[in-house]
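Engineer: I'd like to go over a predicted model; first the sequence, then the structure.
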Amino acid sequence: MNLLRTKSIEQSIADADEPGRKLKRSLSTWDLMIMGVAVAVGAGIFSVGAKAAANFAGPAVTLSFAIAAVTCALAIMCYAEFATAIPVAGSAYVFTYATMGELLAWIIGWNLILELFTAAAVIAKYWGIYLSKVFALTGLDVPPAISLGGMDLYWGAFLIVAIFTVLLVLGTKLSARVGNIFTLIKIAVVLFVIVVGFTYVKIENYSPFVPAAEPTAGTGAADVLKQSFFGFLTGAAPAQYGTMGIFAGAALVFFAFIGFDVVATSAEEVKNPQKTLPRGIFGGLAVVTLLYILVSLALTGMVSYTQLAAAKSPTLTTAFEAVGDTSAAKVIAFGSLVGLTTVIMVLLMGLSRVVLAMSRDGLLPRALSKTSDKRSTPVRLQIICGAAVALVAGLTNVDLLEEMINIGTLSAFVVVSLGILVLRRKRPDLKPAFRVPLGKVLPIVSAVLCLYLMTNLAVETWIFFGFWLVLGLAIYFAYGQRHSRLNERFAEASATVNGTHGSTPGTAVERDDEDELSRT
């Protein structure tokens with residue numbers, strides 16, 4: 001059992017052209033850029049910055065966003081180099097399979113499922129809640145949940161997931177067009193909020209820019225579980241603000257930048273991926289970073305961070321209410337609803353593409369990777385993913401696992417960053433259209449930054465993450481390892497090497513696998 005066996009890049013590209021399991025290349029640079037903005041600019045732009053400013057960084061939350069953006073940019077550079085070298089669906093999973101072996105590829109794929117599934121479910125639930133708020137602003141009392149057999153059913157989650165599941169089944173290009181319209185609307189809303197917010201800015205609210213560190217209230221077990229893993233390991237008492245608060249805030253607002261790895265999962269559906277992918281990914285990241293920094297400056301300039309901290313659940317609405325502009329709440333509620341809409345669409349697409357790549361390789365049931373002859377979309381898989389997300393979002397308290405999204409993303413970023421070094425060493429003959437500059441320096445810096453941000457997540461998040469990894473390993477050894485197509489190829493190649501096939505020359509695939517086996 002060779003857990004470190006790798007899948008050749010040539011085989012990954014060949015598998016992407018397998019009849020009945022192909023995706024259609026239809027996306028442009030504009031589509032990718034809008035997709036990145038669509039998944040990153042959601043309701044979080046109106047809430048996550050306020051929470052980070054109130055509880056961790058104060059006005060220095062702007063630095064938290066900058067650190068998160070730089071970390072994301074470094075990791076996305078590594079994604080872009082990989083994606084132009086291996087332009088197939090699956091993102092970090094496929095990249096890891098080509099460089100570090102099957103077991104680690106499974107772990108990364110499993111973590112991507114955690115990230116995308118949890119994010120889609122959490123945001124679908126929030127979408128339903130925001131929809132009820134929009135109804136309330138128009139004078140209609142429509143509760144976000146209805147009682148069904150003693151359980152709360154969040155009907156909005158079912159509605160939005162069903163709509164976008166149907167759109168994704170009908171075609172990726174159609175979904176992208178619908179997403180483009182919603183994304184342009186929410187960018188207009190965000191710009192409106194920024195412009196209005198800056199009219200209320202008072203310079204004194206930015207002082208102190210980095211509040212002095214202070215201990216958090218409470219010393220019980222629950223408080224320890226909420227503190228950062230880094231603080232737990234170093235024995236530091238739970239605290240907020242100060243320099244450590246900036247990094248804790250960065251770990252929290254990193255949630256705002258998830259999604260650019262999802263864009264990389266669409267590599268197989270992009271026209272001219274060698275040029276289109278880097279342009280689309282970096283263009284989207286630039287727009288998102290600018291919007292977040294402007295929103296955070298407006299937010300912390302409008303009111304003191306202490307006023308935000310006094311609120312039970314601070315948002316941008318909290319700041320506008322504090323300055324007496326209650327009418328902005330309607331705009332923010334509408335913007336939040338529109339913002340969440342496109343996020344759900346991109347996450348559902350990314351989830352199905354990761355599962356498709358893993359099922360093509362046999363690590364998950366192969367039947368899941370079938371695509372429609374007419375529309376070239378994974379119809380069966382998209383419906384399964386949509387149904388699972390809708391059920392979890394509509395029937396469970398999934399928002400408790402919100403930080404699991406970040407840890408799943410960051411773990412993938414660490415491996416992809418290190419994987420670039422392995423790829424260059426193993427395949428110096430490759431000439432991807434984009435290469436991370438400064439040789440080994442930036443990939444290593446990217447891995448270290450991502451790992452450090454991971455340690456700034458809560459202790460309880462790491463505990464849940466450990467349980468998730470154990471479950472994933474159990475599934476791999478019970479099913480994935482035995483059904484792996486690469487395992488079958490290695491077995492055939494080994495049999496050929498050992499002469500069990502007599503003197504009959506092996507097939508081209510067998511000879512390729514035999515060569516790969518000898519290299520491994």
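Structural biologist: All right, it came through fine.
Engineer: and the closest residue to residue 95 other than its chain neighbours, how many residues sit next to it?
Structural biologist: In this structure, residue 95 finds its nearest non-sequential neighbour in residue 82, 4.2 Å apart by Cβ to Cβ, 6 or more residues apart in numbering. Every residue, glycine included, has its C-beta placed from N, CA and C. Taking other Cβ atoms under 10 Å as the criterion, the count of residues near residue 82 is 28.
Engineer: list the helices and strands the helix or strand that contains residue 82 packs on?
Structural biologist: For residue 82, the host element (DSSP states H and E) is helix 61-85. Helix 61-85 sits against helix 44-52, helix 92-99, helix 242-253, helix 260-264, helix 273-302, helix 402-426, helix 441-455, with contacts defined as 3 or more Cβ pairs under 8 Å, 6 or more residues apart in numbering; DSSP states H and E.
Engineer: tell me the first helix or strand C-terminal of the longest one.
Structural biologist: In other words, helix 273-302. Assigned by DSSP H and E, the successor of helix 273-302 is helix 305-310.
Engineer: before we move on, the earlier item: was I right about the residue nearest to residue 95 contacting residue 420?
Structural biologist: Yes: between residue 82 and residue 420 there is a contact under Cβ atoms under 8 Å: 6.9 Å.
Engineer: ok, now how distant is the spatially closest residue to residue 462 that is not a sequence neighbour from residue 496?
Structural biologist: Distances taken as Cβ to Cβ, 6+ apart place residue 229 nearest to residue 462, at 5.0 Å, with adjacent residues excluded. Shown here: residue 229 relative to residue 496, a distance of 48 Å by Cβ to Cβ, to the nearest Å.
Engineer: in the stretch 301-450 of the chain, what spans have low per-residue confidence?
Structural biologist: By pLDDT under 70, the low-scoring segments of the stretch 301-450 of the chain are 399-403.
Engineer: could you do the stretch 1-150 of the chain as well?
Structural biologist: Across the stretch 1-150 of the chain (using pLDDT under 70), the flagged ranges come out as 1-3, 42-44, 46-47, 89.
Engineer: how does it look with 90?
Structural biologist: 1-58, 61, 64-102, 104-105, 108, 111-112, 114-116, 118-150 (pLDDT under 90).
Engineer: chain center to stretch 96-115, what's the gap?
Structural biologist: Between the centre of stretch 96-115 and the centre of its chain there are 14 Å (Cα atoms, centre = their mean, to the nearest Å).
Engineer: pull out the buried residues from it.
Structural biologist: Using 16 or more other Cβ atoms under 10 Å as the test for burial, stretch 96-115 gives 96-115.
Engineer: using CSV, write out every CA atom in it.
Structural biologist: Output in CSV follows, covering the C-alpha atoms of stretch 96-115 (Å, rounded to 0.1, in the frame of the first residue of the first chain):
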residue,chain,number,x,y,z
THR,A,96,-1.7,17.8,-4.0
TYR,A,97,-2.3,14.5,-5.9
ALA,A,98,0.3,15.5,-8.4
THR,A,99,3.0,16.5,-5.9
MET,A,100,2.6,15.0,-2.4
GLY,A,101,0.7,11.8,-2.9
GLU,A,102,-2.8,10.2,-2.6
LEU,A,103,-3.2,10.2,1.1
LEU,A,104,-2.5,13.9,1.5
ALA,A,105,-4.6,14.7,-1.6
TRP,A,106,-7.5,12.9,0.0
ILE,A,107,-7.0,14.9,3.2
ILE,A,108,-7.0,18.2,1.3
GLY,A,109,-10.0,17.2,-0.8
TRP,A,110,-11.8,16.2,2.4
ASN,A,111,-10.9,19.6,3.9
LEU,A,112,-12.2,21.4,0.8
ILE,A,113,-15.5,19.5,1.1
LEU,A,114,-15.6,20.8,4.7
GLU,A,115,-14.9,24.4,3.7
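Engineer: count of neighbours near residue 323?
Structural biologist: Based on other Cβ under 10 Å, the number of other residues close to residue 323 is 16.
Engineer: does it touch residue 303 like I think?
Structural biologist: Yes: if you go by Cβ under 8 Å, residue 323 and residue 303 touch, sitting 6.8 Å apart.
Engineer: the residue nearest to residue 462 - how many residues pack around it?
Structural biologist: 20.
Engineer: these two touch, right, residue 464 and residue 404?
Structural biologist: Yes: with contact defined as Cβ under 8 Å, residue 464 reaches residue 404; the gap is 5.9 Å.
Engineer: pull out the buried positions in whatever helix or strand residue 394 lives in.
Structural biologist: Remark: residue 394 resides in helix 379-395, with elements defined by DSSP H and E. Judged by neighbour count (16+ other Cβ under 10 Å), helix 379-395 contains these buried residues: 379-383, 385-386, 389-390, 392-395.
Engineer: helices or strands up against that helix?
Structural biologist: Right, helix 379-395 is packed against helix 102-137, strand 151-153, helix 155-170, helix 328-360 by 3+ Cβ pairs under 8 Å, 6+ apart.
Engineer: wait, which of the ones you listed is closest to residue 478?
Structural biologist: helix 102-137 (12.0 Å; Cβ to Cβ).
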